[in-house]
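1. just coords:
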């Protein structure tokens, strides 16, 4: 199986596979190696480590009828010739709605292999219910 020409192309294929609930397309996105990791959002979320565990996790997600659209917005990218990290928001639009009603934050990591770019890590987490203020640190002695 060949990979993707860029990390951005791999990310686009990932979200297309997710939106279509297409397990075959999702398989193509992920690197087939024991070091990959995926963590879906939710109260019982646990890291799925290894290609087989990641694929089984996606089969579980795809077995539920999720009648939503996911609009990814990449907010930050960093990388080099062989590794790329993308951080952003997955805006959730429920069936019959026009505007997003939910928000997840994501971090996707991609690695370039001889055959092209593949995903090696995905972490999604819900938006915090409220912002907790960070206390100011004293700049001097009391």
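-> That came through fine. Keep in mind it's a predicted model, so treat the numbers as computed, not measured. Numbering: from 1, shown residues only.

2. so which residues of this protein form helices?
-> 7-20, 23-29, 51-63 (DSSP state H).

3. other SSEs contacting the second one?
-> If I follow you right, that is helix 23-29. helix 7-20, helix 51-63 (3 or more Cβ pairs under 8 Å, 6 or more residues apart in numbering; DSSP states H and E). In this view, the C-beta of every residue, glycine as well, is placed from N, C-alpha and C.

4. swap the cut-off to 10 Å and go again
-> Contacts defined by 3 or more Cβ pairs under 10 Å, 6 or more residues apart in numbering; DSSP states H and E place helix 23-29 against helix 7-20, helix 51-63, strand 116-126.

5. mind putting the helices of the chain in TSV, distance to residue 88 and mean neighbour count included?
-> As requested, the helices of the chain are exported to TSV (distance: least, Cβ to Cβ, whole Å; neighbours: other Cβ atoms under 10 Å):
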stretch	distance to residue 88	mean neighbour count
helix 7-20	9	18
helix 23-29	16	17
helix 51-63	19	16
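
6. give me the distance between the closest residue to residue 13 other than its chain neighbours and residue 115.
-> Once flanking residues are discounted, residue 13 sits nearest to residue 29: 5.3 Å by Cβ to Cβ, 6 or more residues apart in numbering. Separation of residue 29 from residue 115 (Cβ to Cβ, to the nearest Å) stands at 13 Å.

7. got any residues that touch both of these two?
-> Counting by Cβ atoms under 10 Å, 6 or more residues apart in numbering, the contacts common to residue 29 and residue 115 are 3-4.

8. ok, now which ones touch the residue nearest to residue 13?
-> Residue 29 touches 3-4, 10-18, 22, 58, 108, 110, 117-119, 122, counting by Cβ under 10 Å, 6+ apart.

9. now do 7 Å
-> 10, 13-14, 17, 118-119 (Cβ atoms under 7 Å, 6 or more residues apart in numbering).

10. sorry, back to before: tell me which of the helices and strands packed on helix 23-29 sits nearest to residue 75.
-> Closest to residue 75 of the helices and strands packed on helix 23-29 is helix 7-20 (Cβ to Cβ; 12.8 Å).

11. so residue 91 touches residue 75, yeah?
-> No: the criterion here is Cβ atoms under 7 Å, and residue 91 misses it with residue 75 at 11.6 Å.
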